[in-house]
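Participant: what would the 3D arrangement of this be:
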Amino acid sequence: MVEEMERGLRADPHAPLKMLISYVDNLPTGDEHGLFYALDLGGTNFRVLRVQLGGKEKRVVQQYEEVAIPPHLMVGTSAELFDFIAAELERFVGTEGDDFHLPEGRHRELGFTFSFPVHQTSISSGTLIKWTKGFCINGTVGEDVVAELSMAMERQELDMKVTALVNDTVGTLAGGIYADNDVIAAVILGTGTNAAYVEHATAIPKWNGPLPKSGNMVINMEWGNFKSDKLPRSDYDIALDFESLNPGEQIYEKMISGMYLGEVVRRILLRLAHDASLFGDVVPPKLEQLFVLRTPDMSAMHHDTSHDLKHLGAKLKDILGVADTSLEARYITLHVCDKVAERGARLAAAGIYGILKKLGRDRVPSDGSPKQRTVVAIDGGLYEHYKKFRARVEATLADLLGEASSSVVVKMANDGSGIGAALLAASHSQYTVEE
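Facilitator: Predicted structure coming up:
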């Protein structure tokens, strides 16, 4: 992982880790004041959010709304989509209560979390590489998404300026560091997976601009695409990848994220059903269906503590249509869930350890100086809700760190990306210099 991180920072065209420069060099300090907004667009819903920041004494008051995107706008034109978003932003601004105050003479400022592949060109601009997640909109690929949103806000006569364009993982890092200044990395372990961390600008050979005043730059690793012959890939992983929509890509993500863990379990159970008659003489037809076993169902089975695993048996009946499973079949299923979750968690922890190793935070100082507290913020439903997975991540990381583990803290960063975008709008505000 560390070798591939360094290749990506050198802009090696063959490096699987792109190590994208986020242009975020001013992270929140907790001293920010004022009213700021965030727009979080990453799927079939988007969120609009406002925060009133009052420095360290009165840190944050926030309100947000979630808006569903009508399906026809996901396949329409760029102007139609962004006009809809701008109209919702204008309506949201119109509902401000007495807790929110914009100083006279100021524009409203917005942090824009845009969770699609973007070639970022500055803190507040980036061109769309491709749409994903069911969006297929003409005329946006290759265009600056901030310019598209800004033109739509002008058409709505909404006085608002985008001051930060951020990826959701970078937003989580900003939200984490606002709550705890010792946060140095953020990791998403949900349906997908990614990581971002604070790198020394001098350690980024591909950075061509003047060194930032802070001396630091946030790197968006896009670590789901990590691949290496050191990864313990099985026949099940290779077949899953081959049959996926993006073969050869996101290899690490396919081994550790919520999108795929349940599918790996299904493939193992299917092999056992064929080769060892796990569920009797007939292979359950539903077990042949791709992605029929979701990771939340796998988690529910894995957490069954009843003596006869009756909850696990009920899940197998509901999902696979197997009416009567033997106790042995249930215990084998539990064991498969355990091993797949354990492998995913250990690999995720190894990735976190790789970041700490790259930053020299993986060991106790040899000169006797005090240990530096290091915090990793983790967000995502897989980590939040799959308790055994989370426990294995934390235990493996402690094992890898050894004595250094006493100074490393892993924190749940619930929904950090939305507020993180508003905080980055504040830390990159056009008015910061004036104050």
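Participant: can you show me the strands along this protein?
Facilitator: Here the chain has its strands, by DSSP state E, at 20-21, 33-41, 45-54, 58-68, 108-114, 118-122, 125-128, 160-166, 183-189, 193-200, 216-220, 374-379, 408-412.
Participant: for the shortest one, packing partners?
Facilitator: When contacts are defined as 3 or more Cβ pairs under 8 Å, 6 or more residues apart in numbering; DSSP states H and E, strand 20-21 packs onto strand 216-220. In short, each C-beta sits where N, CA and C put it, glycine included.
Participant: and stretch 347-364, how far out from the chain's middle?
Facilitator: 18 Å (Cα atoms, centre = their mean, to the nearest Å).
Participant: can you check stretch 1-8 too?
Facilitator: 20 Å.
Participant: buried ones in it, by neighbour count?
Facilitator: 1, 4, 5, 6, 7, 8 (16 or more other Cβ atoms under 10 Å).
Participant: can you check stretch 388-399 too?
Facilitator: Quick answer for stretch 388-399 (16+ other Cβ under 10 Å): 389, 390, 392, 393, 394, 396, 397.
Participant: could you do stretch 283-291 as well?
Facilitator: Neighbour count says stretch 283-291 has 283, 284, 287 buried, by 16+ other Cβ under 10 Å.
Participant: what's the distance between the last one and residue 165?
Facilitator: Using Cβ to Cβ, to the nearest Å, residue 287 is found at 44 Å from residue 165.
Participant: try residue 336
Facilitator: Counting by Cβ to Cβ, the gap from residue 336 to residue 165 is 42 Å.
Participant: quick one: which of those two has more around it?
Facilitator: Per other Cβ atoms under 10 Å, whichever of residue 336 and residue 165 has more neighbours is residue 165, with 30 against 21.
Participant: so what pairs up with that one in the strands?
Facilitator: residue 112 (DSSP bridges).
Participant: which residue sits closest to residue 285, ignoring its sequence neighbours?
Facilitator: residue 321 (7.3 Å; Cβ to Cβ, 6 or more residues apart in numbering).
Participant: same question, residue 213
Facilitator: residue 25 (7.4 Å).
Participant: from memory the one you found sits against residue 198, does it?
Facilitator: No: using Cβ atoms under 8 Å, residue 25 is not in contact with residue 198, being 9.5 Å away.
Participant: which neighbours do those two have in common?
Facilitator: By Cβ atoms under 8 Å, 6 or more residues apart in numbering, residue 25 and residue 198 have these common neighbours: 216, 217, 218.
Participant: list the contacts for the nearest residue to residue 270 once chain neighbours are set aside?
Facilitator: Spatial nearest neighbour of residue 270, excluding adjacent residues (Cβ to Cβ, 6+ apart): residue 287 at 5.2 Å. Contacts for residue 287 (Cβ under 8 Å, 6+ apart) come out as 266, 269, 270, 273, 279, 320.
Participant: now the residues you listed in a markdown table, with pLDDT?
Facilitator: A markdown table is the format used below for those (pLDDT from 0 to 100):
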| residue | pLDDT |
| --- | --- |
| 266 | 97 |
| 269 | 97 |
| 270 | 97 |
| 273 | 96 |
| 279 | 93 |
| 320 | 91 |
